[in-house]
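Asker: Please work out how this folds:
(3 chains)
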Amino acid sequence: MNRLLLIASALLFLGVFLVLPLLAVFVQALAKGFGAYYIAVSEPMAWAAVKLTLLVAAIAVPLNLVFGIAAAWAIGKFEFRGKSALITLIDLPFAVSPVIAGMIFILIFGTHGWFGGFLRAQHVHVVFAVPGIVLATVFVTFPFIARELIPLMQAQGNADEEIARSLGATGWQCFWRVTLPNIRWGLLYGVLLCNARAMGEFGAVSVVSGHVRGLTNTMPLHVEILYNEYNYTAAFAVASLLALLALLTLAGKSMLEWRQPELRPAARLRRDRTRREQI
Amino acid sequence: MASNATTAIKERTPRRVLPGFGLTLGYTMVYLSLLVLIPLSAVFVRSFGSGWSHFWEVVAAPRVLASLRLSFGASLIAALINVGFGLIVAWVLVRYTFPFKRLVDAIIDLPFALPTAVAGIALTALYAPNGWLGAQLAPLGIKVAFTPAGIVVALIFVGLPFVVRTLQPVLDDLDQEVEQAAATLGASGAQAFARVILPTLWPALLTGFALAFARAVGEYGSVIFIAGNMPMKSEIAPLFTKLEQYDYAGATAIAVVMLVLSFALMFGINALQNWTATRHGERR
Amino acid sequence: MNLPLQAATVKLLNVSYDPTREFYEEYNKAFAAYWQGKTGDTVIVNQSHGGSGKQARSVIDGLEADVVTLALAYDIDALAAPGGLIPRDWQKRLPDNSAPYTSTIVFLVRKGNPKNIHDWGDLVRPGVEVITPSPKTSGGARWNYLAAWAWALHQPGGSAETAEAFVKKLYHNVPVLDSGARGATVTFVQRGIGDVLLAWENEAFLAVKELGPNKFDLVAPSVSIVAEPPVSVVDQNVDEHGTRAVAEEYLRYLYSPQGQEIAAKHFYRPRDAAVASRYADQFRVIPLLLTVDAAFGGWSKAQAAHFADHGTFDRIYGK
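Answerer: Model prediction:
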């Protein structure tokens, strides 16, 4: 039957391309048993990598969050010329290959870069140190939160905020009491995606990191190191932590879509269409 | 406060009822410039700093051209495969019910959430001659890891969600009455699909394809482990090798080419999405 | 018991190339013990590993290495050139061209040597798959390349043309060109690709030890090159950090009997005659061992002729 054939093809395709790699990570990670797994993830260098990854995400995500809210407020609540150009510019980091993203910061902050001499004289370390990793991560995850909030705020319109204003609320009160509750699920959604990408970024961080063990290696870099030390089980063990993070992200995403149906792709399309009809 | 003057101002500029425009737009522009625009310009400045002729010399070198061809070629093939199978997956998810459907739907987004390096080592492990899948394919003479085929596999992985997620809402929205009408008029399933459904779908298919393609072109982490790195055959962007040879002018030249192509793609996709939406608007 | 109020903690950053990971792990502990005994200070050595060229580039761009321990002199020369992180005569500051130990290039084959590979000539036979990294990015790969070239030159009727033809045939038998020496070893050993791996001797031994004494055999070719991985203090950085004394001692200790012993344990050929004689049967005898200076006129010439843009390596791939 056509139906069964189609379902079978779909499941086979997804099974081979999505499920098998995911499974491979966990199977290889546990190949030497739980004891070895535990040692691999709690070993000092691995632990340093975990802490660095968490630190970088803890800085990058809030930075992009503030930006995302600001951009969404400006774009969603006001009319001005050049709006769609601005939106496209915000999307630019999506089009940049990670290695180029990393190289950019070396060109600016490296010893022979624009600010290199100045930074060196001040003994400030940007590239090959944590600040460089944070910058590269911020760049790569730049659009995530903004892209979630902009259409959401556009769709929600100004009605609620204007009512609040007419009742005497200040700008800040408007934002905290009225806007934020309306966008909270979209916000969480964007933060979730931004965080997953921030913690998993490899290419850009690899270029700016310096790979100093225990100091400037994030989890993805540490996975590469273990892999290169023939320590495949440990590499997959650390990788499995990232895979677990991915699964949690997926679960969170599903839950949020259930909570706020506007986040689902179908709803977004309808919203885009309705909005354009109104123009 | 002269209330007449204020009211007059407010009438002329109704958008400023809500505060914070200046602050938020200003902050947005500053943050965008500092973190994205100015850094990106560094690539262009550095590469053209060595002169136009050197730029062309680097970019037109056969190895570079071969690797760009490989990157774009593999991305193209992967995106096409994703369009084909993505359509099947989206159709199945929208039209049919089966056990664990919600789980299947959720897992489509795995490539969004999984770090590229993890995907890279997992795929290499699977497709190497001694891997689960590689071992099955080897007797058939099919080599995947370290060949262009391996790169295509990795790019299928990263582009998969784009097609499915672009198609799902459109399929969801399709008015099944038209299909049913076609059926009562004697059209077979295939005819109904080709004449009725496909025309509505193809803008979304195109968008999904373009997104998957753009994503694949820039991909690094999942490909670097599985690529064979053979010059002229399976070497993706020798950007990294140029960097390692202290050849900044060379590296930035290649970066400029890749950036220009990616930006063109992106603007194209945005234009496509605008056009699609307007088209739908006209239909209503 | 006096409280060590004056005891300081000194941090050093050692930027090294790929295969030295295990060696420096052990060496750093030994040096820390030695330094503490000598001065009472604690020294913590942080390590960074990667492809030799890539590491040099990072140091030039601002990675503040106190010492560099790279695969070939050419990579350290690069630090002398722009901006002058180290003086041009760096190599004379330590004995033996600043290379405390040497290594050479050998072949690693599958157990039992099923394809009967004994020398360079066997590598170009049809059906033989050779694994070697890319000379554009890997220091080890450049040693491999030059060793192959040197062998071809030493054959009857050998000349630059025959050598280039030989190397071209060789590289056309290479299915995967990893960017680093370690990557190539992983490809051969873990991924099971290829019939023979061209490797640093110490890498080959390490791979056998870590991954399967019963799976591989080591074959010594008739001609090989003496690989002299050099070390140097990075003057500009140590002067800024105030770590010159420790850094210099760190490198000098590599030449001490204890340092040489650790090197030999990790399969590097020690310079110290006494240690060398103790480990004599560990290393294969290679009939003809050449240095880069003798066979190629030094690294600058070799780099320009072979690995720079439009050099022989580019030519064998059809540019």
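
Asker: where does chain C have low pLDDT?
Answerer: For chain C, applying pLDDT under 70 flags the ranges C:1-6, C:82-83, C:318-319.

Asker: try 50 this time
Answerer: For chain C, applying pLDDT under 50 flags the ranges C:1-2, C:319.

Asker: Identify the residue nearest the most centrally placed residue in it in space, chain neighbours excluded?
Answerer: Residue closest to the mean C-alpha point of chain C, counted by C-alpha atoms, centre = their mean, is residue C:71 at 3.8 Å. Counting by C-beta to C-beta, 6 or more residues apart in numbering or on different chains, the nearest residue to residue C:71 once its immediate chain neighbours are dropped is residue C:139, at 2.7 Å. Where C-beta positions appear, they are placed from N, C-alpha and C, glycine not excepted.

Asker: before we move on, what about residue C:35?
Answerer: Excluding the flanking residues, the one nearest residue C:35 by C-beta to C-beta, 6+ apart is residue C:43, at 4.8 Å.

Asker: again, but for residue B:204
Answerer: residue B:170 (4.3 Å).

Asker: can you check residue C:255 too?
Answerer: Closest to residue C:255 by C-beta to C-beta, 6+ apart is residue C:100, at 5.1 Å.

Asker: got the contact list for residue B:166?
Answerer: Contacts of residue B:166 were listed using C-beta atoms under 8 Å, 6 or more residues apart in numbering or on different chains, and they are A:265, B:204-205, B:207-208, B:211.

Asker: Strands along the stretch 51-200 of chain C, start to end?
Answerer: Remark: strands assigned in the stretch 51-200 of chain C by DSSP state E, counting those that start in this stretch are C:67-69, C:101-110, C:130-131, C:196-200.

Asker: Tell me the residues of chain C that contact chain B?
Answerer: Proximity of chain C to chain B (C-beta under 8 Å from any C-beta of the partner chain) is limited to residues C:51, C:53-54, C:56-57, C:60, C:78, C:134, C:136-137, C:174-179, C:187, C:190-193, C:309, C:314, C:317-319.

Asker: about what we covered before: and the strands of the stretch 51-200 of chain C as a markdown table, adding mean neighbour count and distance to residue B:179?
Answerer: Listed next are those as a markdown table, based on neighbours: other C-beta atoms under 10 Å in any protein chain shown; distance: least, C-beta to C-beta, whole Å:
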| stretch | mean neighbour count | distance to residue B:179 |
| --- | --- | --- |
| strand C:67-69 | 27 | 69 |
| strand C:101-110 | 24 | 60 |
| strand C:130-131 | 25 | 56 |
| strand C:196-200 | 27 | 60 |
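
Asker: So residue B:247 versus residue B:61, what's the distance?
Answerer: Separation of residue B:247 from residue B:61 (C-beta to C-beta, to the nearest Å): 11 Å.

Asker: circling back: to residue A:247, which of the strands of the stretch 51-200 of chain C lies closest?
Answerer: Comparing these by their distance to residue A:247 (C-beta to C-beta), the top pick is strand C:130-131, with 35.7 Å.

Asker: Residue B:217 touches residue B:259, doesn't it?
Answerer: No: contact criterion C-beta atoms under 8 Å: residue B:217 and residue B:259 do not qualify, at 10.8 Å.

Asker: quick one: which of the two has more around it?
Answerer: The neighbour comparison of residue B:217 against residue B:259 (other C-beta atoms under 10 Å in any protein chain shown) goes to residue B:217, with 25 against 22.

Asker: residues in contact with the more buried one?
Answerer: Residues in contact with residue B:217 (C-beta under 8 Å, 6+ apart) are A:97, B:71-72, B:75, B:258, B:261-262, B:265.

Asker: what about 10 Å?
Answerer: By C-beta atoms under 10 Å, 6 or more residues apart in numbering or on different chains, the contact list for residue B:217 reads A:95, A:97, B:68, B:71-72, B:74-76, B:78-79, B:155, B:159, B:236-237, B:258, B:261-262, B:265.

Asker: Now a ChimeraX select for only the buried ones of these.
Answerer: In ChimeraX, this line selects whichever of the contacts of residue B:217 come out buried by 16 or more other C-beta atoms under 10 Å in any protein chain shown:
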select /A:95,97 /B:68,71,74,75,76,78,79,155,159,236,237,258,261,262,265
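
Asker: For residue B:40, see how far away residue A:114 is.
Answerer: Distance, residue A:114 to residue B:40, using C-beta to C-beta: 13 Å.

Asker: Looking at the two, which one has more neighbours?
Answerer: Ranked by neighbour count (other C-beta under 10 Å), residue A:114 and residue B:40 place residue B:40 first, with 21 against 16.

Asker: hang on, the earlier thing: what does the residue nearest to the centre of chain C show for phi and psi?
Answerer: phi -80, psi -30 (degrees, to the nearest 10).

Asker: I'd say residue B:209 and residue B:77 touch.
Answerer: No: with contact defined as C-beta atoms under 10 Å, residue B:209 and residue B:77 do not form a contacting pair (11.6 Å).

Asker: hang on, the earlier thing: wait, isn't the residue nearest to residue B:204 in contact with residue B:198?
Answerer: No: judged on C-beta under 10 Å, residue B:170 makes no contact with residue B:198 at a distance of 11.4 Å.

Asker: intersection of neighbour lists for these two?
Answerer: By C-beta under 10 Å, 6+ apart, residue B:170 and residue B:198 have these common neighbours: residue B:205.

Asker: Which one's more surrounded, these two?
Answerer: Neighbour tally, residue B:170 and residue B:198, criterion other C-beta under 10 Å: the higher count belongs to residue B:170, 24 against 12.

Asker: Contacts only, for residue C:159.
Answerer: Counting by C-beta under 10 Å, 6+ apart, residue C:159 touches C:152-153, C:165.

Asker: repeat for residue B:174
Answerer: The contact partners of residue B:174, taken as C-beta under 10 Å, 6+ apart, are B:94-95, B:196-197, B:200-201.

Asker: switch to 8 Å and redo it
Answerer: Residue B:174 makes contact with B:197, B:200 under the criterion C-beta under 8 Å, 6+ apart.

Asker: Check residue C:116 too.
Answerer: Residue C:116 is in contact with residue C:122, counting by C-beta under 8 Å, 6+ apart.
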